[in-house]
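Asker: The following block contains a protein sequence and its predicted model.
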Amino acid sequence: ADASEIDSLKESMIAQSEQISTLERKLGQFSLKFSGLSTSICEMVQQQDTLMEYAQEQNKSLETAKNEHALVIEAAARQEENMKIAEQEHQQLMEAIARQKNTLKAAAAELTFGFNENENES
């Protein structure tokens, strides 16, 4: 092999070495970008997990609120029923008082009539 072939081979090897260095640099940059992307994905997954936990807590709160609302509705219905019963009892009491009043009036009238008869006899 003559000197020109050796020089040509050296130049070819230098060029290939530079290409390899360029590829290594590009691979390093790609590796950094991939690492950054991987970190971003992990952060996004953590954020998603946090959001899912928050959503589950909100669901529990909503379920609790629904249950409490149902209890309030039931209590209101019971209260309404108790009010109806109290109104009925009040009405019955008023009727009983009216009957008692009439009985007392009748008794007073009898006493007055009896008293007047006694006086008239005297």
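Answerer: Noted; the coordinates are in hand.
Asker: Would you mark the buried spots in stretch 101-118?
Answerer: In terms of neighbour count (16 or more other C-beta atoms under 10 Å), stretch 101-118 has no buried residues at all. Using the backbone N, CA and C atoms, a C-beta is placed for each residue, glycine as well.
Asker: average pLDDT for that stretch?
Answerer: Mean per-residue pLDDT for stretch 101-118: 87.
Asker: Extract the C-alpha trace of that stretch and format it as CSV.
Answerer: Taking Å, rounded to 0.1, in the frame of the first residue of the first chain, the C-alpha atoms of stretch 101-118 are listed here in CSV:
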residue,chain,number,x,y,z
LYS,A,101,-118.4,24.3,78.3
ASN,A,102,-121.8,23.3,77.0
THR,A,103,-122.1,20.8,79.9
LEU,A,104,-121.2,23.5,82.4
LYS,A,105,-123.7,26.0,80.8
ALA,A,106,-126.4,23.3,81.0
ALA,A,107,-125.5,22.6,84.6
ALA,A,108,-125.5,26.4,85.4
ALA,A,109,-128.8,26.7,83.7
GLU,A,110,-130.2,23.8,85.8
LEU,A,111,-128.8,25.3,89.0
THR,A,112,-130.2,28.7,88.1
PHE,A,113,-133.6,27.2,87.2
GLY,A,114,-133.6,25.1,90.4
PHE,A,115,-132.6,28.2,92.5
ASN,A,116,-135.3,30.3,91.0
GLU,A,117,-137.9,27.5,91.6
ASN,A,118,-136.8,27.3,95.2
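Asker: Do you have the helices of this protein handy? List them.
Answerer: Ranges of helices in the chain, per DSSP state H, are 3-121.
Asker: Spell out for me which residue occupies the centre of it.
Answerer: Leu62 (1.7 Å; C-alpha atoms, centre = their mean).
Asker: which intervals of the chain have sub-threshold pLDDT?
Answerer: For the chain, the stretches with pLDDT under 70 are 1, 122.
Asker: Please report how far Asn116 lies from Asn102.
Answerer: 21 Å (C-beta to C-beta, to the nearest Å).
Asker: can you check Ile6 too?
Answerer: Distance from Ile6 to Asn102, by C-beta to C-beta: 142 Å.
Asker: That'll do, ta.
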